[in-house]
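Student: predicted model, plus sequence, below.
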Amino acid sequence: MRRKLVVGNWKMHGSQELLRTLLTGLQANAAQGDFADAAVCPPAVYLAEAATLLADSAISLGAQNLSQHEQGAYTGEVSGSMLAELGCRYVIVGHSERRELFAETDELVADKFIAAQRAGLTPILCVGESLAQREAGQTLDFVAQQLNAVIAKAGIEAFSGAVLAYEPIWAIGTGMTASPEQAQEVHQHLRQVVAQHSAAVAAELQMLYGGSVNAANAAQLFAQQDIDGALVGGASLKLDDFSVICRAAQSSI
Ligand SMILES: O=C(CO)COP(=O)(O)O
């Protein structure tokens, strides 16, 4: 039985005030005991304070990005070991915004995935198709290709310590979520791709859906067999909504 996991990706939103309000509120809500496993990924500058605020809490901490390098003259970059030292457990790699806006290739995403694990972090690998690819019937092949590029470089066993997230680009920040059936179809396919390499790793792999997940649609998504949680953008900045999603994940078990 796979555990459910809900991860909030704040992207480049927030402030110190929001950080304090949200994390204090989330911990109080989680303490009521009906939350699934949950993590928040605030912007990197807030991670140290977030770690202090979340000390001894059930909410985990994650980062949104890391360098593929361990250390060196890479101005502006942050390494996996720095994130781990701060108390991060997760790091998002291959988010479509980084692929599109920061020209991250499959190759670079694979290097970041490997760097994350080397630092003791759990990478949350994101894959997902554009609207044009979906309309051209290329969704399943495209996401499989993104996944296989990382499997080829990192090895299948690396996925026993990883999380996979399916985030269709057309559903991100648009309010146009994939239907539970559309999401399940892709999740099932991704699990089959992993199973071609290792049935045992596929059976255990936590797979999150991301793309306009909100308090109203989360439960239906979590009811799908291969959806093990959510990677939440906008709704993760709203205490009540994110809490509803964390509870929906728990009650779907
Ligand atoms: O990109 C996402 C999470 O990584 C999804 O963002 P939204 O939930 O705002 O659509």
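Tutor: That came through fine. The model shown is predicted, which means the values in this text are computed figures rather than measured ones. Residues are numbered from 1 along each chain as shown.

Student: for Ala162, which non-adjacent residue is spatially closest?
Tutor: Once flanking residues are discounted, Ala162 sits nearest to Pro123: 5.1 Å by Cβ to Cβ, 6 or more residues apart in numbering. (Glycine included, C-beta is placed from N, CA and C.)

Student: mind telling me what element the one you found is part of?
Tutor: Assigned by DSSP states H and E, Pro123 belongs to strand 122-127.

Student: which other residues reach that strand?
Tutor: By Cβ atoms under 8 Å, 6 or more residues apart in numbering, the residues outside strand 122-127 that reach it are 7, 62, 89-96, 109, 112-113, 116-117, 143, 146-147, 150, 161-167, 190, 208, 210, 231.

Student: weed out the non-buried ones from these.
Tutor: For the contacts of strand 122-127, a neighbour count by 16 or more other Cβ atoms under 10 Å gives the buried set as 7, 62, 90-96, 109, 112-113, 116-117, 143, 146-147, 150, 162-167, 190, 208, 210, 231.

Student: before we move on, back to that, check whether the strand holding Pro123 contacts the ligand.
Tutor: No. Against the ligand, strand 122-127 shows no contacts by Cβ under 6 Å from any ligand atom, the least distance being 6.8 Å.

Student: what about that strand, average pLDDT?
Tutor: The average pLDDT within strand 122-127 is 98.

Student: just checking: what are the partner strands of that strand?
Tutor: Strand 122-127 pairs in its sheet with strand 90-93 (parallel), strand 163-166 (parallel), by DSSP bridges.

Student: and the next helix or strand past it?
Tutor: With DSSP H and E setting the assignment, the helix or strand that follows strand 122-127 is helix 131-135.

Student: number of nearby residues for the residue in the stretch 151-253 of the chain that the ligand sits nearest to?
Tutor: In the stretch 151-253 of the chain, the residue that lies nearest the ligand is Gly233 (2.2 Å; Cβ to the nearest ligand atom). Residues lying near Gly233 (other Cβ atoms under 10 Å) number 22.

Student: ok, Asn65 next?
Tutor: Counted with other Cβ under 10 Å, Asn65 comes out at 20.

Student: for the closest residue in space to it that isn't next to it in sequence, helix, strand, or coil?
Tutor: Nearest residue to Asn65, sequence neighbours excluded (Cβ to Cβ, 6+ apart): Arg98, at 6.3 Å. Taken by DSSP: H, G, I helix; E, B strand; the rest coil, the conformation at Arg98 corresponds to helix.

Student: go ahead and confirm Arg98 touches Val91.
Tutor: No. With contact defined as Cβ atoms under 8 Å, Arg98 does not reach Val91; the gap is 11.6 Å.

Student: which residues do these two both contact?
Tutor: With Cβ under 8 Å, 6+ apart as the test, Arg98 and Val91 both reach Asn65.

Student: where in the stretch 51-200 of the chain is pLDDT low?
Tutor: Under the criterion pLDDT under 70, no range of the stretch 51-200 of the chain is flagged.

Student: get me the contact residues on it for the ligand.
Tutor: Within reach of the ligand by Cβ under 6 Å from any ligand atom, the stretch 51-200 of the chain has these residues: 95, 167, 172-173.
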